[in-house]
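> okay, here's the prediction I keep looking at, along with the sequence it came from:
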Amino acid sequence: MKKIVISTGGGDAPGLNAVIYAVVHACYRKGWEVYGSRNGYGGFLEIDEMVRLYPRDVEGIYSTGGTILGSTNKGNPFSRPVENLAGEIQIVDVSDKIVRNFNRMGFDCHIAIGGDGSLDIAHRFAEKGMPVIGVPKTIDNDLEKTNRTFGFDTAVSTATEALDKLHSTAKSHNRVMVVEVMGRDSGWIALYSGISGGADVILIPEIPFDMEEVCNKIADNELHDKHYSIVVVAEGAGTKSGQSFNKGKGELGRDEVILGGVGEWVASEIRNRTDKDTRSLVLGHLQRGGSPTTFDRLLALRFGAAAVRLVEERVFDHMVALIDSMMVAVPIADAIVMRKKVDLASDKIMTARDIGICLGDKDPRMPDE
Ligand code: F6P
């Protein structure tokens, strides 16, 4: 008989509920108890935030977006903003208290579902002696040591569907439409949705872009009697001259800056450099919402079930991962060293170039003029 606690941390991603569903059911069949910690580590600090989960509590949730446990990306227990008696905000480390409460509550293992930030925190708890297993989540797909994270496929589908819809309005008005998509410092969402959604230009953080190349592509379209263009730009993309775009740190307690603004900047450059009517839009959190695709649902259910197998085998401080279509365990430490970037030698990059998509640079395979 074991007692497991599960938490969801960082930005939500479609498939979180499917992982919870799989963990609850797999544990229940073994006669184990499962608890959910609300809002990341909330349940380790406030008893009311810790909820017992039975199969009836998770009925049908595998197909729903969001997380029944709630999540936060400003809840790092190692540096938590807390208001003192004088009303001042102080940054305090509550990690020891969390470990104490974990032991006091009699838990055997913590299954932490999260991206690189949450898994980094989970790994730090493992170093403090908490038995932890990680489950890789993020729409950004930027975690190393797993071919995929769940949430990515749904985000790409949402972005692709949006691009499909933009084609008709762009064409009706002979316009350039610039679409900013999420992905942080990696271009996975932009690249996959841009290729699948018929973009003319895709700008990703891995390839600093040159506006001249972008405008050349738009001019080339005109030359070939195509009077509209679709530009997909990843929120983390930056210019060849080193300009990047963000909105600052945002709310207190966040570990990272809020990215954004590049789409509107690219649109205004196009407007100034060409005579094209240009509009921009930010897809934003639409990409995080909705029901997970079949791919994400299945992946999330497999991750959840595999995590419970790791609990049984006592393979702690490891993350479940998808490698060559197999479920494997990898040390969490290896997955969080750096963010997974788009490989510029990959066939997806070649496909984009081969079918005439501009990636904001000169195709390196073309001879110099
Ligand atoms: O990591 C997921 C993600 O959606 C990123 O793509 C994006 O930059 C960020 O989270 C947005 O965070 P928030 O929900 O705090 O605005």
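Thanks, I have the structure now. Numbers count the residues shown, from 1 in each chain.
> what residues does this protein put near the ligand?
Counting by Cβ under 6 Å from any ligand atom, the chain comes close to the ligand at 11, 73, 115, 138-140, 182-184, 235, 258-259, 288. The C-beta positions use only the backbone N, C-alpha and C, and glycine is treated the same way.
> domain-wise, how is the protein divided?
3-150+292-323, 154-289+343-354 (automatic domain parsing).
> need the ones you listed in CSV (columns: mean pLDDT).
Output for these, formatted as CSV (pLDDT from 0 to 100):
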stretch, mean pLDDT
domain 3-150+292-323, 96
domain 154-289+343-354, 96
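> tell me, how many residues neighbour Ile336?
When counting by other Cβ atoms under 10 Å, one arrives at 22 neighbours for Ile336.
> residues in contact with it?
With contact set as Cβ atoms under 8 Å, 6 or more residues apart in numbering, Ile336 has these partners: 116, 119-120, 123, 143-144.
> burial count for the closest residue to the ligand within the chain?
Among the residues of the chain, Met182 lies nearest to the ligand; the distance is 3.2 Å by Cβ to the nearest ligand atom. Residues within reach of Met182, counting by other Cβ under 10 Å, total 25.
> one step back: which of the contacts of Ile336 lies closest to Gly304?
Set against Gly304, the nearest of the contacts of Ile336 by Cβ to Cβ is Leu119 (15.7 Å).
> quick one: that closest one and Ile332 touch, right?
Yes. Assessed by Cβ atoms under 8 Å, Leu119 is found in contact with Ile332 at 5.3 Å.
> need the residues touching each of the two.
Counting by Cβ under 8 Å, 6+ apart, the residues touching both Leu119 and Ile332 are 134, 319.
> now do the helices in the stretch 101-250 of the chain.
116-127, 152-173, 188-196, 211-223 (DSSP state H, counting those that start in this stretch).
> quick one: buried ones out of the residues of the chain next to the ligand?
11, 73, 115, 138-140, 182-184, 235, 259, 288 (16 or more other Cβ atoms under 10 Å).
> mean confidence for stretch 355-369?
Averaged over stretch 355-369, pLDDT sits at 90.
> tell me the buried residues in it?
357-361.
> please apply the same query to stretch 135-152.
Going by neighbour count (16+ other Cβ under 10 Å), the buried part of stretch 135-152 is 135-146, 148-152.
> and it, how far out from the chain middle?
7 Å (Cα atoms, centre = their mean, to the nearest Å).
> need the domains of the chain in JSON lines with distance to Pro367, can you?
Output for the domains of the chain, formatted as JSON lines (distance: least, Cβ to Cβ, whole Å):
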{"stretch": "domain 3-150+292-323", "distance to Pro367": "34"}
{"stretch": "domain 154-289+343-354", "distance to Pro367": "14"}
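> out of these, nearest to Val337?
Taking Cβ to Cβ, domain 3-150+292-323 is the member of those nearest to Val337, at 6.6 Å.
> how long is that closest one end to end?
End-to-end distance for domain 3-150+292-323, by Cα to Cα, to the nearest Å: 29 Å.
> partner residues bridging Ile202?
Here Ile202 sits in beta bridges with Val232, as judged by DSSP bridges.
> who's in contact with it?
187, 190-191, 194-195, 231-233, 352, 357-360.
> quick one on the thing from earlier: wait, which of the buried residues of stretch 355-369 is closest to Leu344?
Closest to Leu344, out of all of the buried residues of stretch 355-369 and judged by Cβ to Cβ, is Leu359, at 9.1 Å.
> what about the closest residue to that closest one other than its chain neighbours, how many residues nearby?
If the residues on either side of it in the chain are set aside, Leu359 comes closest to Ile207, at 5.2 Å by Cβ to Cβ, 6 or more residues apart in numbering. Residues lying near Ile207 (other Cβ under 10 Å) number 21.
> isn't Ile207 right next to Lys362, touching?
No. Contact criterion Cβ under 8 Å: Ile207 and Lys362 do not qualify, at 10.6 Å.
> out of the helices of the stretch 101-250 of the chain, nearest to Val82?
Once the helices of the stretch 101-250 of the chain are compared by Cβ to Cβ, helix 116-127 is nearest, at 16.7 Å.
> just checking, what packs against the closest one?
With contacts defined as 3 or more Cβ pairs under 8 Å, 6 or more residues apart in numbering; DSSP states H and E, the packing partners of helix 116-127 are helix 95-104, strand 109-114, strand 132-136, helix 332-335.
> would you map the strands across this protein?
For the chain, the strands defined by DSSP state E occupy 3-8, 33-37, 50-52, 80-83, 89-92, 109-114, 132-136, 176-181, 201-203, 229-234, 278-282, 318-323, 326-331.
> which one of the buried ones among the residues of the chain next to the ligand is nearest to Glu59?
Closest approach to Glu59 among those (Cβ to Cβ): Arg288, at 23.4 Å.
> so what's Asp200 up against?
Contacts were defined as Cβ under 8 Å, 6+ apart; by that measure Asp200 touches 217-218, 221, 229-231, 356-358.
> how much space separates the residue nearest to Gly187 when sequence neighbours are not counted from Gly114?
Of all residues not flanking Gly187 in the chain, Ile204 sits nearest, at 2.5 Å (Cβ to Cβ, 6+ apart). Computed as Cβ to Cβ, to the nearest Å, the Ile204 to Gly114 distance reads 24 Å.
> ok, Met326 next?
Distance, Met326 to Gly114, by Cβ to Cβ: 22 Å.
> ok, how many other residues are close to the residue nearest to Gly187?
Other residues lying near Ile204 total 29 when counted by other Cβ under 10 Å.
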